[in-house]
Every structure is written in structure tokens, then in C-alpha cells.
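1. I'll drop the sequence and a predicted model, then ask my questions.
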Amino acid sequence: MTRPITFIVPGPIEQITGGYLYDQRIIDGLRAAGRPVGLLELLGQFPDADWTAKASAASSLRALPDRAAVCIDGLALAAFEEALPAEAGRLDILVLVHHALALETGLSADEAARYADLERRLLPLCRGILCPSPRSAADVAAYGVPPERIRVVPPGTDRPSAEPTEHGGPVRLLTVATLTPRKGHRLLIEALATLGRRDWRLTAIGSLERDPATVAEVRALIADHGLDVLVDLAGEWPPEQLSKAYLAADVFVLPSYYEGYGMAFAEAMAHGLPIIGTDAGAIPETVPATAGILVPAGDRAALATALDRMIGDGALRRAYADGARAAAAGFADWARTAEDWGRAFDALAGRD
């Protein structure tokens, strides 16, 4: 019998972010293939774990039998600061690191150093680390985890039922990301405000609840620059509805300051959208030069230039759209990804 896995995630798994969607699709894929997978959803606050989170983490590990195979979502790592060292010798614990906690945008120097110290102490104690990209794997290796204890399994990508077509009228820009500092919404609005053209519309899909301060800043920028009629902060959409947004768009843009993979980029490419992104983290590993324009992270002028070029040149958009489709043809689907993930997990954790 295939070895059961207990998957531990920070809070409800139904949350709509790339990391939670990756977790859910892996669990669904493993279960569909007949693998027993248990799910434990921790209580408390994350990633800066409070007392409730630490108590929930400790009790979740204590309840497992000796040699149980466990995968902890890396967003929950701080909750295991005491529990993981105590239980690592008894359990076969792996961590799924979507991206290093210390690399989150907006942290103070002290906060980043605290997360880096936490990851440097805890990750090497695990049987292995699973990552969505070579970039994330390199960040993990920098903490002292031997390369042979790291495996890379990129996310799967769903195939759209149709392809986008060019629309008349304003060029339709699409962003799909929770409004947080790391995703660069503020920079995007500032860059759009500098354009000497208004023949565009932006739809920004993503949670408006997770980071109220960022949402307030972005709303204020939109109002200050008189972009209210051009920018729609559309809020969070169910994953099954996102294909409609991709199909209705002309260009995908997301000026992230860091990505451990960037599932939205892959989804946009699979829908045949030209890309405007940054050179941060794993984005260049996902988006080749033939699929769009990548600018230096945080460079407003370069972002504005890329936007102006893409909005004003239909032939350029079509060329990058062709490149995006060609690159996306090589992406694995989620069934294949779950299969690869299961094999990688077993190679690191060992099998009964």
C-alpha cells in the first residue's frame, strides 16, 4: 500500500492564493490516484505565528504515530519553532517551501533576519524540502539544506477551453494577485499614471481583505491620479471563474517584487496572453523572453515603458501571445504534477 501522507496547512485550505491552490491541487491529485492523504488545518495567525498557532502545531505533530510521513506548508513554519525540533526524530517531516519567508516584501530588517534565522535552524532538521521552482530550491540550499534533500516540482497548469481574441476599443490589462506589497499593485498604478495615453483598462483580481493597508494605499493612488474609471479592483474570484477573465483580457501584467514560482503567469500564458512582469525570483524561469517583457523589479520607468509598448503595438502583443502559447505547451497538467510530487515526496521521506 502507498504510504499515507499527513498534510499540514496554516488555516483553512480554501483560501485563494497560489500556495493554498498548489496544496489543494496536490492533495486532490494524490487522492484521485488512490493515495491516502490526511489534512490538518492549523488554528491561529500566520506567518507570524501566535500562541494559538504554536499550540495547534505542537498538538498536530504529537497526535501522529511514530514514522508518520508529514508535509508542512512552509507558510506555517514559525508555528513549529519548538515542535519541529522535538518531533523531527520521531516523524518523517518534509516542508513545502513555496518561497522563503524571509524574502517577503515589506518586512523590516529585523523581521527578515528573524525569519531567516528560523528557516536556517528548522529546514535542515527535516527529511527533505519540496519547492515549486529552482529559484526557491536555491534559496533553501542557501540555508544549509543539502541539494540531495531538495526536490523541485513546479505547479500544474490547466488548459483553457478557448483562447483569447483581440477586442476592439481599449486594451484590456489583467492582474491576478492578492493585494499585498510583494505583488506590486502600487507600482503598477504609478506606472500607468505616467502614461500619456488612456486607451487601456485594468482589471485587478485578488483579495481586498488580506492586507487592508495596501488596499487603502492603492485606492488612494487610483483616486489621486484620476484613474477610477480605468481601474477596477474586482476582488477575489473563485479559481474556476478565472479562465473567463484571462479570455477577456489582452495583456497580463504583474510587477511582483518576488515570486517563488508565479502560477498566475503560467495560467495567463496557457490562455495565450502576452506578459509584462519583472525579473524577480522565479518569474524568468517561468516566462521566457519570447512570451513577454520582464523589467527590473521596482523600476517604475521601465514598467511604464513596457506598458506603453504593449498597449500601443498590436503586432507586438500577437508575437508575445504566440510565444506564451508555445512556452505553455510544455507545462505539466495537475495530474502529472501530483504524480511527480508524490514520487519526490517518497524519494525524500522513504517508503514503508
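-> Yep, it's here. Numbering: from 1, shown residues only.
2. got a list of contacts for the helix or strand of the chain with the lowest mean pLDDT?
-> Lowest mean confidence among the helices and strands of the chain (mean pLDDT, DSSP states H and E): helix 242-248, at a mean of 94. By Cβ atoms under 8 Å, 6 or more residues apart in numbering, the residues outside helix 242-248 that reach it are 158, 160-164, 167, 172, 174, 176, 203, 205, 237, 252, 267-268, 271, 273. Bear in mind the C-beta positions are built from the backbone N, C-alpha and C, glycine included.
3. and what of stretch 84-96?
-> 22-23, 58, 61-62, 64, 66-74, 77, 121-123, 125-131, 345, 348-350.
4. returning to what we had before: buried stuff in the least confident helix or strand of the chain?
-> Buried residues in helix 242-248, counted by 16 or more other Cβ atoms under 10 Å: 242-243, 245-247.
5. how's the protein carved up into domains?
-> 5-156+332-349, 171-328 (automatic domain parsing).
6. And the helices in the stretch 151-300 of the chain?
-> 185-193, 212-224, 242-248, 263-270, 283-286, 300-312 (DSSP state H, counting those that start in this stretch).
7. so where's the stretch 151-300 of the chain shaky on pLDDT?
-> 164 (pLDDT under 70).
8. those strands in it, which residues are they?
-> Secondary structure of the stretch 151-300 of the chain, counting by DSSP state E, counting those that start in this stretch: strands at 171-176, 200-205, 231-235, 251-253, 275-278, 292-295.
9. between those, which one is nearest to L107?
-> strand 275-278 (18.4 Å; Cβ to Cβ).
10. tell me what that closest one is packed against?
-> With contacts defined as 3 or more Cβ pairs under 8 Å, 6 or more residues apart in numbering; DSSP states H and E, the packing partners of strand 275-278 are strand 251-253, helix 263-270, strand 292-295, helix 300-312.
11. Can you list the buried residues in stretch 10-27?
-> 10-11, 13, 15-27.
12. Nearest to A326 among those residues?
-> Closest to A326, out of all of these and judged by Cβ to Cβ, is G18, at 23.1 Å.
13. wait, doesn't the closest one sit right on S256?
-> No: the pair G18 / S256 is not scored as a contact, 10.8 Å apart, by Cβ atoms under 8 Å.
14. shared neighbours of those two, which are they?
-> What both G18 and S256 touch, as defined by Cβ under 8 Å, 6+ apart, is the set G262.
15. Tell me the gap between stretch 166-175 and the middle of its chain.
-> How far stretch 166-175 lies from its chain's middle: 25 Å, per Cα atoms, centre = their mean, to the nearest Å.
16. Tell me the secondary structure at L84.
-> When classified by DSSP: H, G, I helix; E, B strand; the rest coil, L84 comes out as helix.
17. Neighbours of it, how many?
-> 23 (other Cβ atoms under 10 Å).
18. now P274
-> P274 has 25 nearby residues by other Cβ under 10 Å.
19. Same question for A100.
-> A100 has 25 nearby residues by other Cβ under 10 Å.
20. separation between the nearest residue to E163 once chain neighbours are set aside and Y320?
-> Excluding the flanking residues, the one nearest E163 by Cβ to Cβ, 6 or more residues apart in numbering is G272, at 4.7 Å. Distance, G272 to Y320, by Cβ to Cβ, to the nearest Å: 10 Å.
21. Could you do V145 as well?
-> Counting by Cβ to Cβ, the gap from V145 to Y320 is 37 Å.
22. neighbour count winner among the two?
-> Comparing V145 with Y320 by neighbour count (other Cβ under 10 Å), the higher total belongs to Y320, at 25 against 22.
23. The more buried one sits in which helix or strand?
-> Y320 belongs to helix 314-328 when assigned by DSSP states H and E.
24. Run the angle between that helix and helix 263-270 for me.
-> Interaxial angle of helix 314-328 relative to helix 263-270 (axes from the mean of the first three to the mean of the last three Cα atoms, to 10 degrees): 110 degrees.
25. List of residues touching helix 314-328?
-> With Cβ under 8 Å, 6+ apart as the criterion, helix 314-328 contacts 157, 163-164, 166, 171, 250-251, 266, 268-270, 272-275, 287-293, 309-310.
26. one more time with 10 Å
-> The contact list for helix 314-328 (Cβ atoms under 10 Å, 6 or more residues apart in numbering) reads 157, 159-160, 163-164, 166, 171, 250-252, 265-276, 286-293, 309-311, 313.
27. Off-centre distance for stretch 309-322?
-> 26 Å.
28. And that stretch, what's buried?
-> Quick answer for stretch 309-322 (16+ other Cβ under 10 Å): 310-311, 317, 320-321.
29. With stretch 291-299 instead?
-> Neighbour-count burial for stretch 291-299 [16+ other Cβ under 10 Å]: 291-295, 297, 299.
30. Format those as a markdown table; extra columns: distance to W51.
-> Output for the buried residues of stretch 291-299, formatted as a markdown table (distance: Cβ to Cβ, whole Å):
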| residue | distance to W51 |
| --- | --- |
| A291 | 46 |
| G292 | 45 |
| I293 | 46 |
| L294 | 42 |
| V295 | 42 |
| A297 | 35 |
| D299 | 41 |
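31. so how far is the helix or strand harbouring L61 from its chain's centroid?
-> Taking DSSP H and E as the definition, L61 sits inside helix 51-62. Distance of helix 51-62 from its chain centroid, counting by Cα atoms, centre = their mean, is 25 Å.
32. Moving C-terminal from that helix, which element do we reach first?
-> strand 69-73.
33. That's all I had, so thanks and see you.
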